[in-house]
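In: need coordinates for the following:
(one chain, ligands or ions: 2)
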Amino acid sequence: MNILVLGKPGAGKGSVAEVIKERSNIIHLSTGEIFRKEIREATELGILAKSFIDKGNLVPDEITNEIIKNVLKKDPTKSYLFDGYPRTVNQAVFLKSALKDLGMSLDGVFDLEVEDSLVIERLTSRRVCKKCSMIYNTRNHNPKVEGVCDNCGGEIIQRDDDKIESIKERLVVYENQTKPLIEFYQNEGLLYKVDGSKDAIDCYYDIMEILNDK
Ligand code: ADP
Ligand code: ZN
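Out: Ligands and ions are numbered 1, 2, ... in the order given. Below is the predicted model of the structure:
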């Protein structure tokens, strides 16, 4: 089973993905996470990606597409959860042909719908563990010890692109480049809408219900 979660930044893609991953045998493929790991390790790719990410821009398609294809090629028999990829129609077209080449296909695309105001509220209060990427929130999900990850003891920080200027830019980028994917996947007959204002666990139940009814 291969599924894809779509939505604005802050729609809850990462949080829903964490729930799905805990409960099933699926590989979580987050391009954002892949880039952040490269940045932490200060690789050539990381340094290049950071120059786009901190401004709220997308990393160029050719780079992102290549990364995904290389991951899928290694094991096309596994199940994948795509989170944050594709983000442009060009990437979606690429993914379609890459999956086809590998004898794979998508079972469903879930669009987590949320208002901009909620996105801004969620992202400005979001904090992440520098080491294991666990997500926290200053409003309703603080670690037991301030600044220290419950899961791994790592340092909890705010992402550079979760500052208000970057968030606004990311929302503009979403409108222009990512939103057209909704129509793309509607035409493919794969799109399902989910209320992204709900808690991640409830979004997970909604997604499972849709998959079971198929
Ligand atoms: P969010 O969904 O909260 O914006 P992500 O972790 O998915 O966060 O992505 C963070 C940043 O990484 C994006 O703003 C973008 O710059 C870059 N990025 C992630 N995925 C892609 C992609 N598929 N194509 C281009 N850039 C990407
Ligand atoms: Zn951690």
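In: now do the SS call for the residue nearest to Lys50 when sequence neighbours are not counted.
Out: Leaving aside its sequence neighbours, Lys50 sits nearest to Ile39 (Cβ to Cβ, 6 or more residues apart in numbering; 5.0 Å). For glycine as for every other residue, the C-beta is placed from the backbone atoms N, C-alpha and C. Taking DSSP: H, G, I helix; E, B strand; the rest coil as the rule, one finds Ile39 in the helix state.
In: tell me the buried residues in the host helix or strand of Arg122?
Out: Taking DSSP states H and E as the definition, Arg122 sits inside helix 116-124. By neighbour count on 16 or more other Cβ atoms under 10 Å, the buried set for helix 116-124 is 119-120, 122-124.
In: looking at this structure, which residue is nearest ligand 1?
Out: Taking Cβ to the nearest ligand atom as the measure, the point where the chain comes nearest ligand 1 is Gly32, at 1.8 Å.
In: so who does Cys149 touch?
Out: Contact analysis of Cys149 by Cβ atoms under 8 Å, 6 or more residues apart in numbering lists 129, 131-132, 134, 136, 143, 155-156.
In: count of neighbours near the closest residue to Thr64 other than its chain neighbours?
Out: Closest residue to Thr64 apart from its sequence neighbours, by Cβ to Cβ, 6+ apart: Thr31 at 5.7 Å. Other residues near Thr31 come to 23 when the count uses other Cβ atoms under 10 Å.
In: gap between the helix or strand just after the helix holding Arg122 and the chain center?
Out: Using DSSP H and E, the helix or strand that follows helix 116-124 in sequence is strand 126-129. How far strand 126-129 lies from its chain's middle: 15 Å, per Cα atoms, centre = their mean, to the nearest Å.
In: what is the helix or strand that strand 126-129 is followed by packed up against?
Out: Remark: after strand 126-129, the chain's next helix or strand is strand 135-137, criterion DSSP H and E. On a contact count with 3 or more Cβ pairs under 8 Å, 6 or more residues apart in numbering; DSSP states H and E, strand 135-137 meets helix 13-23, strand 126-129.
In: go with 6 Å
Out: Applying 3 or more Cβ pairs under 6 Å, 6 or more residues apart in numbering; DSSP states H and E, we find strand 135-137 packed against strand 126-129.
In: what sits up against the strand it packs on?
Out: Here strand 126-129 makes contact (Cβ atoms under 6 Å, 6 or more residues apart in numbering) with 135-137, 149, 154, 156, 158-159, 162.
In: can you check the pLDDT for the residue of the chain most remote from its centre?
Out: Going by Cα atoms, centre = their mean, the residue of the chain most distant from its centre is Val145, 27.1 Å out. As predicted, Val145 sits at a pLDDT of 97.
In: so what's it up against?
Out: Applying Cβ under 6 Å, 6+ apart, no residues qualify as near Val145.
In: bridging residues for it?
Out: Beta-bridge partners for Val145, by DSSP bridges, are Val148.
In: need the three-state assignment for Arg139.
Out: coil.
In: surely it meets Ser125?
Out: Yes: counting by Cβ atoms under 6 Å, Arg139 does reach Ser125; the two are 4.8 Å apart.
In: these two: which has the busier surroundings?
Out: Ser125 (15 against 11).
In: got a list of what the more buried one touches?
Out: With Cβ under 6 Å, 6+ apart, Ser125 has these contacts: 137-139.
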